[in-house]
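K.L.:
just to be clear, the model below is a prediction. Sequence and coordinates:
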Amino acid sequence: MWLPLVGMTALPHLGGFYGGYITRTQVKTWYPTLQKPSWRPPNGAFPIVWTCLYTGMGYGSYLIWKELGGFTEDAVVPLGLYGLQLALNWAWTPLFFGAHKLKWALVEIVLLTGTVGATMVSWYPISRTATWLLAPYLSWLCLACSLNYCIWRDNPEKKEE
């Protein structure tokens, strides 16, 4: 049973590695040119936080998978919502850092946050431990939504002529 545990715990990190690849150059070139709120976390905090969050959500998904006996009919909604939020999570970085689409990134992260909330609701009757493993993630997303909103508000997109 260790292979599903390791695989499901590691899976979220794949998008994190891809996001890190996109972010690495932009955080040194484009991101410093943006107006940002004074309360934003330091750049060095992000990889540490995301490593913890990805590990927690991945392990939580394993607990749900295990409790429901694998990819069964009962697992369709809780693991489907989890997969949806993971895809939305992975899509945010290319929108924000790759395409520099601040407004679309904001819309996307609001959808992501709602999907994580729905995932938590669907997980709660199955495993409270798995649900609580998503709580720091939901909290971080609330901060990220606020940060994305402030950056979008304070950095209007230039009209192309």
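P.N.:
Structure's in. What do you need?
K.L.:
please count neighbours and contacts with C-alpha atoms only from this point.
P.N.:
Noted.
K.L.:
correct me if wrong: residue 126 contacts residue 67.
P.N.:
Yes - counting by CA atoms under 8 Å, residue 126 does reach residue 67; the two are 7.0 Å apart.
K.L.:
so which of those two has more stuff around it?
P.N.:
Taking other CA atoms under 10 Å, residue 126 and residue 67 do not tie; residue 126 has more neighbours (17 against 12).
K.L.:
assign residue 28 to helix, strand or coil.
P.N.:
In three-state terms, and counting by DSSP: H, G, I helix; E, B strand; the rest coil, residue 28 is coil.
K.L.:
what's it in contact with, if anything?
P.N.:
Applying CA atoms under 8 Å, 6 or more residues apart in numbering to residue 28 gives no contacts.
K.L.:
and what of residue 5?
P.N.:
Here residue 5 is in contact with 59, 62 (criterion: CA under 8 Å, 6+ apart).
K.L.:
please tell me how far it sits from residue 62.
P.N.:
Going from residue 5 to residue 62 by CA to CA, to the nearest Å gives 6 Å.
K.L.:
ditto for residue 158
P.N.:
Residue 158 is 44 Å from residue 62, by CA to CA.
K.L.:
so for the two, which residue has more residues nearby?
P.N.:
Per other CA under 10 Å, whichever of residue 158 and residue 62 has more neighbours is residue 62, with 21 against 6.
K.L.:
before we move on, which element is that one in?
P.N.:
Here residue 62 sits within helix 45-67, counting by DSSP states H and E.
K.L.:
look at the residue nearest in space to the middle of the chain and tell me its secondary structure.
P.N.:
A centroid search over the chain (CA atoms, centre = their mean) returns residue 89, at 3.7 Å, as the residue closest to the centre. Assigned with three-state DSSP, residue 89 falls in the helix class.
K.L.:
could I get the pLDDT score of residue 160?
P.N.:
For residue 160, the model assigns a pLDDT of 63.
K.L.:
go on, residue 17?
P.N.:
The model reports residue 17 with a pLDDT of 84.
K.L.:
any low-confidence regions in this protein?
P.N.:
160-161 (pLDDT under 70).
K.L.:
select the longest helix from it.
P.N.:
As assigned by DSSP state H, the longest helix anywhere in the chain is helix 128-154.
K.L.:
sounds good, over and out.
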